[in-house]
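Novice: Provided below are the primary sequence and the corresponding predicted coordinates.
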Amino acid sequence: MNGVLYLDDYQNAVLAELKKIPWAVTVGIYPELTADFQTPAIFFDVSQWSRAEQENGGNVTLELTNMLYIVRHFESAQDVDENEIGSTETRVRNAALKISDWIHGKQFGPGTAPAVFENAEPMFWQKGEDVRPNHAIWGVSFTQRLAVGLDPFAEPDAPLLKEFWMGIFPEVGVAHKDDYVLVAKAEDN
């Protein structure tokens, strides 16, 4: 299985799914915020990554740590929708709960393993100088394995590899072919 070639590919796939959430008025990448965004809003951030212990295809598999920021503006009494129950803080917590359920097991195209919900908690902006004191913010953290690059067994222009053997130096070469260990074998079609 091939993976993504650029982080933008993964981010765009996540944003496309977030934009399908009917109550999310604004969806974007954090910290790329406009000064006057409308809420409720969801901002996506790839916080960090490391090499995954379990392979998922591609040239390398990464374990991404991601954050979804759910944001509501504190409204005055006349701005509150009569159909919504609870305070702004309660509504943002309810939205975070829904997102916690929504994200668990979600995949964003080929090369992604099911997302694993980690935790949810009240947040303050971590990047930039704008603290956004007029907003209630909750963060939903999740991890996801992501294949990056091309799988050497799936490259269209590469010679088709059937098997991959490994020898340990100095016992290498034709005289030691019986000492080699089979590392990978392509599946028969």
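Specialist: Now that the structure is in, tell me what you want to look at.
Novice: drop to CA atoms for contacts and neighbour counts, all remaining ones
Specialist: Fine.
Novice: residues contacting the closest residue to residue 137 other than its chain neighbours?
Specialist: Nearest residue to residue 137, sequence neighbours excluded (Cα to Cα, 6 or more residues apart in numbering): residue 71, at 4.6 Å. Counting by Cα atoms under 8 Å, 6 or more residues apart in numbering, residue 71 touches 39, 40, 41, 42, 92, 135, 136, 137, 138.
Novice: same check, this time on residue 117
Specialist: By Cα under 8 Å, 6+ apart, the neighbours of residue 117 are 100, 101, 103, 104, 105, 140, 141, 142, 143.
Novice: can we see that at 6 Å?
Specialist: Applying Cα atoms under 6 Å, 6 or more residues apart in numbering to residue 117 gives the contacts 104, 142.
Novice: Now do it against residue 139, distance only.
Specialist: Separation of residue 117 from residue 139 (Cα to Cα, to the nearest Å) stands at 11 Å.
Novice: continuing past the strand or helix carrying residue 50, what's the next helix or strand?
Specialist: Taking DSSP states H and E as the criterion, residue 50 maps to strand 41-51. Using DSSP H and E, the helix or strand that follows strand 41-51 in sequence is strand 60-73.
Novice: That following strand to strand 41-51, inter-axis angle?
Specialist: Put simply, strand 60-73 runs at 160 degrees to strand 41-51, going by axes from the mean of the first three to the mean of the last three Cα atoms, to 10 degrees.
Novice: Just the mean pLDDT for strand 60-73, thanks.
Specialist: Summarised as a single mean, pLDDT over strand 60-73 is 92.
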